[in-house]
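Colleague: requesting a structural model of the entry that follows:
(2 chains)
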Amino acid sequence: NAGVTQTPKFQVLKTGQSMTLQCAQDMNHNSMYWYRQDPGMGLRLIYYSASEGTTDKGEVPNGYNVSRLNKREFSLRLESAAPSQTSVYFCASSPAYDLGRSPLHFGNGTRLTVT
Amino acid sequence: GQQVMQIPQYQHVQEGEDFTTYCNSSTTLSNIQWYKQRPGGHPVFLIQLVKSGEVKKQKRLTFQFGEAKKNSSLHITATQTTDVGTYFCAPNNNAGNMLTFGGGTRLMVKP
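Modeller: Next up is the predicted model:
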């Protein structure tokens, strides 16, 4: 039982390049989330998906797109990477449709550097 | 929008001393969650508080939710080196249906 799996673990991009961060959960959770964490700071919500087929913007959605491919998978895409997007990206899932009312289970993170 | 402040940002303690972090919101909360993140790791859920005035304990950790449901605290008794990490509160005010995180309190324990 892997929980929440994120790939890749590390990535270095040049400004303007694109990439997709992958996330999959095997806990049959309904809701999935993407957060970013900058050094010494808290987590900021980028996008979330309350259920398969729906996605919504969080606090800092600009420069990102997401796809809830099925119940298990939720991907985050950077179309044209910028140095300001250098961060650690965490995917999370929770069982509830009602966001904020059940625990979040986090993946191990993707450390992204944009030069 | 929801304003939440977590204090202090950093805390150095000697092993065996107590530690408290506070989370204060400008709005009434529906519930609040607490997470711990070890250095280099990912956040791990600790607990959720829902009721006004609620107090929950996990071994040396005591969590409180204020009577007005606008603030919360996490108290660790007799810290150990295994307590090192950053503690985040995640308040939910039931508006916008998102879980946001406080800035965290980084705890360092000197052996």
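
Colleague: quick one: end-to-end distance for stretch B:5-23.
Modeller: End-to-end distance of stretch B:5-23 (C-alpha to C-alpha, to the nearest Å): 6 Å.

Colleague: gap between A:L112 and chain B?
Modeller: A:L112 sits 15 Å away from chain B, going by C-beta to the nearest C-beta, to the nearest Å. Glycine gets a C-beta too; all of them are placed from N, C-alpha and C.

Colleague: SS state for A:Y35?
Modeller: What DSSP: H, G, I helix; E, B strand; the rest coil gives for A:Y35 is strand.

Colleague: quick one: contacts for it?
Modeller: A:L43, A:R44, A:L45, A:I46, A:G58, A:Y89, A:F90, A:C91, A:A92, B:F101 (C-beta atoms under 8 Å, 6 or more residues apart in numbering or on different chains).

Colleague: from those, which is closest to A:T20?
Modeller: Lowest distance from A:T20 to the contacts of A:Y35 (C-beta to C-beta) belongs to A:Y89, with 11.3 Å.

Colleague: okay if I get the contacts of A:Y35 as a markdown table plus neighbour count?
Modeller: Below are the contacts of A:Y35 laid out as a markdown table (neighbours: other C-beta atoms under 10 Å in any protein chain shown):
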| residue | neighbour count |
| --- | --- |
| A:L43 | 28 |
| A:R44 | 16 |
| A:L45 | 21 |
| A:I46 | 23 |
| A:G58 | 20 |
| A:Y89 | 22 |
| A:F90 | 25 |
| A:C91 | 29 |
| A:A92 | 27 |
| B:F101 | 24 |
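
Colleague: restricted to strands, list those residues.
Modeller: Applying DSSP state E to the contacts of A:Y35, the entries found in strands are A:L43, A:R44, A:L45, A:I46, A:Y89, A:F90, A:C91, A:A92.

Colleague: what sits against B:F88?
Modeller: Here B:F88 is in contact with A:G42, A:L43, B:Q6, B:W34, B:Y35, B:K36, B:Q37, B:P43, B:F101, B:G102, B:G104 (C-beta under 8 Å, 6+ apart).
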